[in-house]
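Undergrad: Got a sequence here, can you model it:
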Amino acid sequence: MIRLNTETANDLIALARSGKNRSVETVLKELVQKYMVLQRRSATVVDSNELRRLIRQLEEVANGTRDTERDTDKNAIKRLGEMGDPEAIEVLARVSRKCVLLDMKWAAQAAIEKIKEANR
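TA: Numbers count the residues shown, from 1 in each chain. I've put the predicted structure just below:
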């Protein structure tokens, strides 16, 4: 798996935050998906519609565009962990960093670990 040193990772994060248009964000996401996210090797079949819906739901929480609905969002986090799709890691990491509710942070971290374990 490709790893970035701290300086490079921080540079990319700063670039993404300073981007005034969607193209910077799009390029960075594509780079992450292509080179850094684990490729799923499990035989688990994932409903892509459910995956997208759950990711969108948690993106709204991470971006602060809607208030957290603790139980609903916590269930979404757990479900993404069960699904084991590496595509969910990015949004789960943002929820873990930005959410003020400790149980949500812990659930997101646990889901990330579950996804990583499923894809080893």
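
Undergrad: contacts, neighbours, all on C-alpha from now
TA: Noted.

Undergrad: can you list the domains in this protein?
TA: Following automatic domain parsing, one gets these domains for the chain: 1-36, 42-118.

Undergrad: Pick the most buried one from those.
TA: domain 42-118 (a mean of 17; mean count of other C-alpha atoms under 10 Å).

Undergrad: Out of the domains of the chain, name the one with the poorest average pLDDT.
TA: Lowest mean pLDDT within those: domain 1-36, at a mean of 70.

Undergrad: can you give me the strands for the protein?
TA: Under the criterion DSSP state E, the chain carries no strands.

Undergrad: which residues does the closest residue to S96 other than its chain neighbours contact?
TA: Nearest non-adjacent residue to S96, counting by C-alpha to C-alpha, 6 or more residues apart in numbering: K105, 4.3 Å away. Neighbour list for K105: V95, S96, R97, C99 [criterion: C-alpha atoms under 8 Å, 6 or more residues apart in numbering].

Undergrad: For the first one, which residues are in contact?
TA: The neighbours of V95, taking C-alpha under 8 Å, 6+ apart as the test, are L58, E59, V61, A62, M104, K105, A108.

Undergrad: Kindly recompute the last result at 6 Å.
TA: Shown in contact with V95 (C-alpha atoms under 6 Å, 6 or more residues apart in numbering): A62.

Undergrad: Return the distance of it relative to D73.
TA: To D73, V95 is 10 Å away according to C-alpha to C-alpha, to the nearest Å.

Undergrad: Repeat that for the third one.
TA: Using C-alpha to C-alpha, one gets 15 Å for the distance from R97 to D73.

Undergrad: ditto for S96
TA: In terms of C-alpha to C-alpha, S96 sits 12 Å off from D73.

Undergrad: again, but for K98
TA: Counting by C-alpha to C-alpha, the gap from K98 to D73 is 14 Å.

Undergrad: cool, Q109 as well?
TA: 14 Å.

Undergrad: Same question for A14.
TA: Distance from A14 to D73, by C-alpha to C-alpha: 28 Å.

Undergrad: Equivalent analysis for S18, please.
TA: 28 Å.

Undergrad: Brilliant, that's me finished.
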